[in-house]
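S.K.: sharing a model that was predicted from the sequence below.
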Amino acid sequence: MVLFAAINSLTHLPVMKKIKIIVFLFLCLFGKIALSQNNDAVKIHTEDITNFWTAYDQVVNAKDTTRQITIIQTLFIDKASDGMKNFMQVRPNLTASKYVQSINKYPKFWKSVKVKTLLVNQSLEKIQDNMNIYRAIYPEFKQPEIFFSISHLSTGGTTVPGRILIGTEIAAADSTVDASELSPFLQDLFKHNQDIVYVVTHEITHTQQIGSEALDNGKADLLAQCLSEGACEFVAELIVKKQLMFPYMTYGRLNEHMLWEKFKTEMNDKSTKNWLYNTATAPGGHKDLGYFMGYVICKSYYEKATDKNYALKQIIELDYSDSQKVHNFLNDSGYADKWAK
């Protein structure tokens, strides 16, 4: 309305001058609109990576452990971003002494992974693209902030409300890094790692989920916990538009009926040892099969639905603090019926 009033006020001016002013006014208007759209862009922070490697370069040249700890503390931890501060709250073992211990214990790994973490900026545009796709398929999408940091090999990614926290040295590592000093678990993980864009895309759904406090405090049963992870896998697959090929997915597809028969006898329990985050306790060495079970149940729910947009909304917004809603979701998915025939 202001623009049209301004144009109307120009009637007394010569035509060419009027046109120039009108063009200027439109540029100002659309420039403002473009700026507003950019304000909704993904807020991605990588300063913790920079700070870590600045500290690392000094640590490897310092011989005294006390001095090394002081360097990490002052050049990395004391300069932590808000997201890194969240990281240290949810992972209390992210201390200066632990970083120094890891750097000294795994020198080949840290030397080889450095370049991988510094290349994360090349993935930011693709991450933005996936965020835009997410918003397009789920209009209620709430934009999270993303913080890339370093976790001394303790976690690849987690979330707090409104924020995604990435342990970049894990998420960005692949088969080309020197993992010879590390555990068989990490060696295997790096061989099968998807790119860091996928890690972020998985974590996006966690920032949209409801009732996650029930998952965090151990009050949710196994079914809820597996659906929470499986929903992230399913939505990520929709966004990246290619089938996920993690070892637990490959094994799961080949042994789906057997896994369901076992899973349904344990899904009302709270123990995750046979299904999630279970590197040391995985039956037969096949870890994280709960991701697969949650994924196939969500996929069944989506494929059964006639209204795919509504189905996706239900998958993302399932309330994990409500056990009845979680079990109703399983029933509505028709997944159990698939094996009852």
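M.R.: That came through fine. Quick caveat: nothing in here was measured; it's all calculated off a predicted structure.

S.K.: what residues are up against Lys299?
M.R.: Lys299 makes contacts with Phe234, as judged by Cβ atoms under 8 Å, 6 or more residues apart in numbering. Every C-beta, even on glycine, is put in place using the N, C-alpha and C of the backbone.

S.K.: wait, a strand at it?
M.R.: No. Judged by DSSP: H, G, I helix; E, B strand; the rest coil, Lys299 forms no part of a strand; its state is helix.

S.K.: measure it to Ala224 for me?
M.R.: Distance, Lys299 to Ala224, by Cβ to Cβ, to the nearest Å: 17 Å.

S.K.: now the spatially most central residue of the chain. Nearest residue, chain neighbours left out?
M.R.: Nearest residue to the geometric centre of the chain (Cα atoms, centre = their mean): Glu203, 2.2 Å. Spatial nearest neighbour of Glu203, chain neighbours left out: Ile164 (4.5 Å); criterion: Cβ to Cβ, 6 or more residues apart in numbering.

S.K.: paired strands for the helix or strand encompassing that neighbour, with orientation please.
M.R.: Assigned by DSSP states H and E, Ile164 belongs to strand 163-167. Using DSSP bridges, the strands paired with strand 163-167 in its sheet are strand 145-149 (parallel), strand 157-160 (antiparallel).

S.K.: for the stretch 51-200 of the chain, what spans make up the helices?
M.R.: Along the stretch 51-200 of the chain, counting by DSSP state H, counting those that start in this stretch, helices occupy 65-72, 82-90, 96-105, 107-118, 124-137, 168-171, 184-192, 196-208.

S.K.: the ones you listed: which one's closest to Lys262?
M.R.: Evaluated over the helices of the stretch 51-200 of the chain, closeness to Lys262 peaks at helix 184-192, with 22.4 Å, by Cβ to Cβ.

S.K.: and the closest one, what's buried?
M.R.: Neighbour-count burial for helix 184-192 flags Leu186, Asp188, Leu189, Phe190 (criterion: 16 or more other Cβ atoms under 10 Å).

S.K.: rewinding a little: mean pLDDT for the strands paired with strand 163-167: which is lowest?
M.R.: The minimum mean pLDDT among those belongs to strand 157-160 (a mean of 90).

S.K.: which residues are in contact with that strand?
M.R.: 86-87, 89-91, 144, 164-167, 170-171, 199-200, 202-203, 206-207.

S.K.: that one: how far from the chain's middle?
M.R.: Its chain's C-alpha centre and that of strand 157-160 lie 7 Å apart, by Cα atoms, centre = their mean, to the nearest Å.

S.K.: can you name the element that comes right after the helix or strand encompassing Tyr310?
M.R.: Under the criterion of DSSP H and E, Tyr310 resides in helix 308-317. Counting by DSSP H and E, the next helix or strand C-terminal to helix 308-317 is helix 323-333.

S.K.: circling back: which members of the contacts of strand 157-160 are classed as buried?
M.R.: Neighbour-count burial (16+ other Cβ under 10 Å) applied to those gives 86-87, 91, 144, 164-167, 170-171, 199-200, 202-203, 206-207.
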